[in-house]
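Engineer: Here is the input, now give the coordinates:
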Amino acid sequence: MEIREKLREMGVVGAGGAGFPTYAKLKQGGIDYYIANGAECEPLLDVSKEIMARFPDKVLKGLNHLKNYTGAHSAIIALKGKYKNAVKALKDNLENTGSDIKLFEMGDFFPAGDEQVMVYEITGRVVPEGGIPLLVGSIVNNIETLYNVCNAIEENLSVTDKFITIGGNIKNPITLKVPVGTEIGWLLDFLGIDYQDKVILDGGPMMGNIVSLDSPITKTTGGLLIFSKGHPAVTVKESSLEHILKMARISCIQCRYCTEQCPRYLLGHDLQPSKIMLTMGFRLSSTYIKQALLCCECGLCEAYSCPQQLSPRRVNAAIKKELAVASVKYMTEKTDFEPQEAREWRKIPTSRLKTRLQLTAFDRPALLVDGDFVKPPEVQILTKQHTGAPAVPVVNSGNRVQRGQTIGKVPKDKLGCHIHASIDGTVLQTDTDKIVIRGEESSWKEL
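Structural biologist: Presented below is the predicted three-dimensional model:
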């Protein structure tokens with residue numbers, strides 16, 4: 001079976017972000033750089049560095065498969081130089097195998113893991129406004145995605161598990177493998193983690209969103225971070241959009257810090273969050289509104305730049321949703337993009353970010369505890385865990401399914417990937433949004 005079709009059938013999507021189907025990124029010819037994104041720039045999340053340190057062979061094999069398929073001239077793993085264990089593990093493996101894959105050690109700044117920032121750091125090429133790395137001869141994949149690529153191609157394994165870090169204001173941070181569809185509340189109870197009267201973020205403190213206890217783990221869940229209510233990492237996320245827009249009108253002083261420190265603006269893109277805030281605050285009719293489509297939602301503006309604790313990120317995200325409904329796309333006549341001269345000295349050190357968000361006390365290693373010891377009594381497999389069309393259930397209530405079995409398929413003419421049972425069990429429910437499976441064995445006995 002061809003690699004693209006194999007990855008589609010095995011359900012391999014981007015393990016972070018929007019979950020873009022991996023097969024759809026692959027293009028044969030014209031690729032100069034195949035880049036593995038191991039920067040993991042979100043504070044308190046350790047998934048990528050733990051996978052690189054523990055499974056360097058799988059990461060390198062997955063990357064090598066995709067490099068060979070696309071005919072890329074070079075393959076590079078980009079990670080922060082401070083990830084000493086991961087760097088050593090990868091270097092040792094490269095020396096033993098004689099592979100021509102190279103390591104690119106990045107500085108400790110945020111957002112080093114933004115794919116357009118990473119492409120520029122490695123290649124010196126700026127991805128055009130509204131464009132993708134492919135336009136400058138590059139493809140970027142997350143580290144866990146490459147781990148899943150290796151499993152799919154070499155072991156015929158579908159994506160049934162997700163590596164996540166659980167951290168924040170808890171006693172013992174941990175990184176572990178969890179069946180896709182596991183309920184968050186059950187998982188925290190199983191691990192004995194106190195979450196009462198606290199806020200749970202799905203993702204990192206910068207780009208993560210508040211999530212409910214009954215939400216399931218998906219293929220794109222990067223971590224669960226627990227914070228006390230009112231903590232700086234969650235205050236803006238707890239605010240309503242109406243409140244944020246009201247404060248934009250009342251409090252935005254047009255200092256331009258959000259613009260001057262925006263990573264996309266610094267790359268030469270015409271994105272000025274300060275102007276968008278002015279426009280929205282006073283309901284002005286302006287061409288600045290479409291600039292929101294260029295926002296990567298890294299959260300630097302709200303968490304670090306704004307002295308008034310406003311949220312250009314939330315405003316931009318809301319605008320993007322409305323423009324998407326209206327099928328509005330960003331169009332530009334520019335062909336050349338030059339980074340701002342000040343870019344190098346406006347990179348935000350992660351240490352400063354941690355201090356600003358009061359994360360330093362929670363910054364402890366979340367070492368990977370490997371093994372399939374998490375066995376939820378029930379899972380909710382969402383039909384849409386990726387960019388594109390949702391999967392259509394191919395099982396019915398009452399059907400017995402086995403772990404790894406295909407339970408939902410995306411039509412061949414649609415963008416998307418199949419979904420699979422993450423546990424052995426019986427299908428309790430199927431609808432357009434999810435498939436619920438009751439397990440044959442559970443860990444309730446262990447609670």
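
Engineer: From Asp32, how far out is Lys82?
Structural biologist: Distance, Lys82 to Asp32, by CB to CB, to the nearest Å: 27 Å. Heads up, the C-betas are built off the backbone N, CA and C, glycines and all.

Engineer: now the strands for the stretch 201-350 of the chain?
Structural biologist: For the stretch 201-350 of the chain, the strands defined by DSSP state E, counting those that start in this stretch occupy 209-210, 223-228, 348-349.

Engineer: Just the buried positions in the next helix or strand after the last one, please.
Structural biologist: Toward the C-terminus, strand 348-349 is succeeded by helix 350-356 as the next helix or strand (DSSP states H and E). When neighbours are counted by 16 or more other CB atoms under 10 Å, the buried residues of helix 350-356 are found to be Thr350, Leu353, Lys354.

Engineer: repeat for stretch 318-327
Structural biologist: Across stretch 318-327, burial judged by 16+ other CB under 10 Å covers Ala318, Ile319, Lys320, Leu323.

Engineer: likewise stretch 286-299?
Structural biologist: Neighbour counts over stretch 286-299 (16+ other CB under 10 Å) mark Tyr288, Ile289, Lys290, Gln291, Ala292, Leu293, Leu294, Cys295, Cys296, Glu297, Cys298, Gly299 as buried.

Engineer: of those residues, the lowest pLDDT goes to which?
Structural biologist: Lowest in pLDDT among those is Tyr288, which has 86.

Engineer: got a list of what that residue touches?
Structural biologist: Gln272, Lys275, Ile276, Leu278, Thr279 (CB atoms under 8 Å, 6 or more residues apart in numbering).

Engineer: number of nearby residues for the residue nearest to Glu105 when sequence neighbours are not counted?
Structural biologist: Spatial nearest neighbour of Glu105, chain neighbours left out: Gly81 (3.7 Å); criterion: CB to CB, 6 or more residues apart in numbering. Close neighbours of Gly81, defined as other CB atoms under 10 Å, add up to 12.

Engineer: same deal with Asp424?
Structural biologist: Asp424 sits with 16 neighbouring residues when counted by other CB under 10 Å.

Engineer: Pull the contacting residues for it.
Structural biologist: Asp424 touches Val401, Gln402, Arg403, Gly439, Glu440, Glu441, counting by CB under 8 Å, 6+ apart.

Engineer: With distance to Thr360 added, can I get those residues in a markdown table?
Structural biologist: A markdown table is the format used below for the contacts of Asp424 (distance: CB to CB, whole Å):
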| residue | distance to Thr360 |
| --- | --- |
| Val401 | 45 |
| Gln402 | 45 |
| Arg403 | 40 |
| Gly439 | 40 |
| Glu440 | 44 |
| Glu441 | 41 |
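
Engineer: what about Leu7, which SS state?
Structural biologist: helix (DSSP: H, G, I helix; E, B strand; the rest coil).

Engineer: Just give the number of residues close to the closest residue to it other than its chain neighbours.
Structural biologist: Once flanking residues are discounted, Leu7 sits nearest to Tyr23: 4.2 Å by CB to CB, 6+ apart. Neighbours of Tyr23 under the rule other CB under 10 Å: 21.

Engineer: Surely Tyr23 and Met1 touch.
Structural biologist: No - using CB atoms under 8 Å, Tyr23 makes no contact with Met1, being 11.4 Å away.

Engineer: Closest to Lys6 out of the buried residues of stretch 318-327?
Structural biologist: Lys320 (32.7 Å; CB to CB).

Engineer: so what's the closest one up against?
Structural biologist: Lys320 makes contact with Ala292, Leu293, Cys295, according to CB under 8 Å, 6+ apart.

Engineer: Distance to Met52 for those - can I get that in JSON lines?
Structural biologist: Rendered in JSON lines, the data for these read as follows (distance: CB to CB, whole Å):
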{"residue": "Ala292", "distance to Met52": "34"}
{"residue": "Leu293", "distance to Met52": "33"}
{"residue": "Cys295", "distance to Met52": "29"}
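
Engineer: just those now: which is nearest Gly113?
Structural biologist: Cys295 (15.8 Å).

Engineer: what about the helices in the stretch 201-350 of the chain?
Structural biologist: 235-238, 241-251, 257-260, 263-266, 273-281, 300, 312-325, 350-356 (DSSP state H, counting those that start in this stretch).

Engineer: tell me the most buried of these?
Structural biologist: Comparing the helices of the stretch 201-350 of the chain by mean neighbour count (mean count of other CB atoms under 10 Å), helix 300 ranks first with a mean of 25.

Engineer: What are the phi and psi values at Pro21?
Structural biologist: phi -60, psi 130 (degrees, to the nearest 10).

Engineer: So it is in contact with Cys417, correct?
Structural biologist: Yes - with contact defined as CB under 8 Å, Pro21 counts as touching Cys417 (4.9 Å).

Engineer: neighbour-wise, which of those two wins?
Structural biologist: Neighbour comparison, Pro21 and Cys417: the larger count goes to Cys417, with 30 against 21 (by other CB under 10 Å).

Engineer: Helix or strand for that one, just tell me which one.
Structural biologist: Going by DSSP H and E, Cys417 is not in any helix or strand.

Engineer: How about the contacts made by it?
Structural biologist: Residues in contact with Cys417 (CB under 8 Å, 6+ apart) are 7-13, 21, 23, 386, 388, 391, 410.
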